[in-house]
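Novice: Here is my input, please return the structure:
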Amino acid sequence: MVLRTKYELEAKADFDSFHKSRPTVSDSHMEQQLSKIYTLSMFEKFQHELKATIYCQVSLLKLDGSISTFEVRECTYTGDDERNHDKYYEVLYHVSEFEVQCICGFFQFTGILCRHALSVLSSQQVYEVPSQYILNRWRKDFKLLYALECSSKDVYGNKHIEQYDSLSKHCLRLVEIGMVSDEKYQLALKLVREVERSLLDENIFQDLHSRLVSSVTRLTGSDENHAASQVGIVDGDKTPSSVWFLALGEFKCQWGMSVVILGNEADE
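Specialist: All right, here's what the predicted structure looks like:
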């Protein structure tokens, strides 16, 4: 139940991030930039840091080639809006690489730039957040990027990329279904482990592949059960004896309309 609720909340957050937007609080180019990229929750956190830059004053301490060292004085206030003691932070800025690093370590802990780094970038007339500081996991399109990502650059071109893309999207779909309940998580985990074992063992792979090819050529709406037995699903208890149960699922239900869970068939 907890996993189902978590999945539903994440799905709603994804939907809101794509179809809703937070109002901007300034005319900052950075804010406009990230309003189109960040999820709603991360954009709100960024806005908090951006608004806090009004309390930051930047001073140049040292210039060493293309690396500048700045001191950022942050004015802090109590709950009664009375000024408290000031805090000082050292920020390094590499102008040729657009790299900025603050001693507070906020980016390392949260994945978004701190108010001190933003203040330095602004003082150097850098009006957009450098791409290396926009982490993919905070992007509203992260799941889509994850599914479509293909790091391979081999010369086989489109075919290899399409295969990678297809596997990625199916695996991502399996993850989403597996997170719906504890039972589906356990089944998905078991099947994934069997897939891995079968693909790594050449003898098992060749045997199952030949059965699968043979079954597919004869597969019709009336002999689906026969195809199931050919790829290792035993009649009676219907317990999958191999992970090629997933391959049958591709023809039967496109990954998830109907699955077999520990001897009982359960419709999703």
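
Novice: Which helix runs longest in the chain?
Specialist: helix 158-178 (DSSP state H).

Novice: can you pull the buried residues of that helix?
Specialist: Judged by neighbour count using 16 or more other C-beta atoms under 10 Å, the buried positions of helix 158-178 are 174, 176-178. All C-beta spots, glycine's among them, are computed from the backbone N, C-alpha and C.

Novice: repeat for stretch 113-126
Specialist: Result for stretch 113-126 [16+ other C-beta under 10 Å]: buried residues 113-124, 126.

Novice: try stretch 192-204
Specialist: Buried, per 16+ other C-beta under 10 Å, within stretch 192-204: 192, 194-195, 198, 204.

Novice: and Thr39, how many neighbours?
Specialist: Neighbour count of Thr39, defined by other C-beta atoms under 10 Å: 19.

Novice: Point out the ones among the buried residues of stretch 113-126 that are inside helices.
Specialist: Counting by DSSP H, the buried residues of stretch 113-126 place 115-123 in helices.

Novice: out of the residues you listed, who's nearest Tyr89?
Specialist: His116 (4.6 Å; C-beta to C-beta).

Novice: shouldn't that closest one be in contact with Cys56?
Specialist: Yes - look at His116 against Cys56 with C-beta atoms under 8 Å: they come within range, at 6.1 Å.

Novice: Pull up the overlap in contacts between these two.
Specialist: Residues touching both His116 and Cys56 by C-beta atoms under 8 Å, 6 or more residues apart in numbering: 72, 74.

Novice: Pick out whichever of the ones in helices among the buried residues of stretch 113-126 sits closest to Phe107.
Specialist: Of all those, Phe107 sits closest to Ala117, with 6.9 Å by C-beta to C-beta.
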